[in-house]
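> Need coordinates for the following:
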Amino acid sequence: HGPPEDVGMKLYSAKLSKAARLLWEVAITFSPRMSEVAPHDDQLIDKRLISVNFTNKLYTEVIRLWAIVTNHSHLSERIKSISTSYRRGQQCILQKRLYRYDDEAKHKPGPPDRHNRLPRTYTEKDIRSDVVTHVFPPASAKETEYNIVKFHAFSSILVGNLLSECSERIEFPFKVADLEYGVITLQPQPQSAILLLGRSGTGKTTCCLYRMWARFISYWKMINGA
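Just a heads-up that it's a prediction; the model follows:
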């Protein structure tokens, strides 16, 4: 389906060795961490967001690592697969219209000898920006599959396991999307059971486990704070 540029994607390659490459992009994704602290942290969130019935959903720029290709002969095939995922994501119904609300001055270019840029932050609420950014999740590159691609947080635990060259298969928790986050944090009023429907592989069990884990953490935070 052609190179990434044909589908509007900016995919970068970082050289690790003569044969190895890192394939990455600057993407916009839902941030559970920022969404959790949004209504309470004035340093992170503009107060005007709260005054417009803020939905607790914040999105931020991240470096999305698509692949570590160790064999250069597989590079073109991997890039083609990534481009297909991006193209299929453009056809996904889970589209978002996001607006920037962070300070534009923070993102102006610095001195010529410095090339630093802070991640931009977005919200679904139109606060002060006329610029609309359309965001969609990458989908499976396989034409017979209709799932979005799951990514993992690049944590110290994940890196440690990768560097240890462990022979056992280890499953890491994936980053949840905004809809999954909504199910995990849902608090029905009045309290009632939740009926969660979805085809196999859509994350129902994962959401249930995350809900249990969230309540476990919340309980112990309450006990330790008492």
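> pLDDT below threshold where in the chain?
1-2, 37-56, 102-115, 126-130, 226 (pLDDT under 70).
> And the residue nearest the centre of it?
Nearest to the geometric centre of the chain sits residue 29, at 3.4 Å (CA atoms, centre = their mean).
> That one pairs with what?
Taking DSSP bridges as the rule, residue 29 bridges to residue 60.
> Tell me, how many residues neighbour residue 84?
Residue 84: 19 surrounding residues under other CB atoms under 10 Å. All C-beta atoms are positioned from the backbone trio N, CA, C, and that covers glycine.
> For my notes, confirm it occurs in a strand.
No - according to DSSP: H, G, I helix; E, B strand; the rest coil, the state of residue 84 is helix, so it is not within a strand.
> what about it, distance to residue 176?
As judged by CB to CB, to the nearest Å, residue 84 and residue 176 stand 24 Å apart.
> Ok, residue 121 next?
For residue 121, the distance to residue 176 - CB to CB - is 18 Å.
> Same question for residue 118.
24 Å.
> Between these two, point out the one with more neighbours.
A count of neighbours by other CB under 10 Å puts residue 176 above the other of residue 118 and residue 176, at 19 against 11.
> mind listing the helices for the protein?
32-37, 47-50, 75-90, 156-163, 178-184, 204-225 (DSSP state H).
> just so I know, which of those helices lies nearest residue 13?
The closest of these to residue 13 is helix 75-90. By CB to CB, the value is 8.0 Å.
> buried ones in the closest one?
For helix 75-90, burial by neighbour count (16 or more other CB atoms under 10 Å) applies to 75, 78, 79, 81, 82, 83, 84, 85, 86, 87, 88, 89.
> for stretch 93-104, same thing?
For stretch 93-104, the neighbour count (16+ other CB under 10 Å) marks 96, 98, 99, 100, 101, 102 as buried.
> quick one: contacts for the second one?
Spelled out, that is residue 98. Counting by CB atoms under 8 Å, 6 or more residues apart in numbering, residue 98 touches 28, 59, 122, 123, 124, 132, 133, 134, 135.
> switch the cut-off to 6 Å
59, 122, 133, 135 (CB atoms under 6 Å, 6 or more residues apart in numbering).
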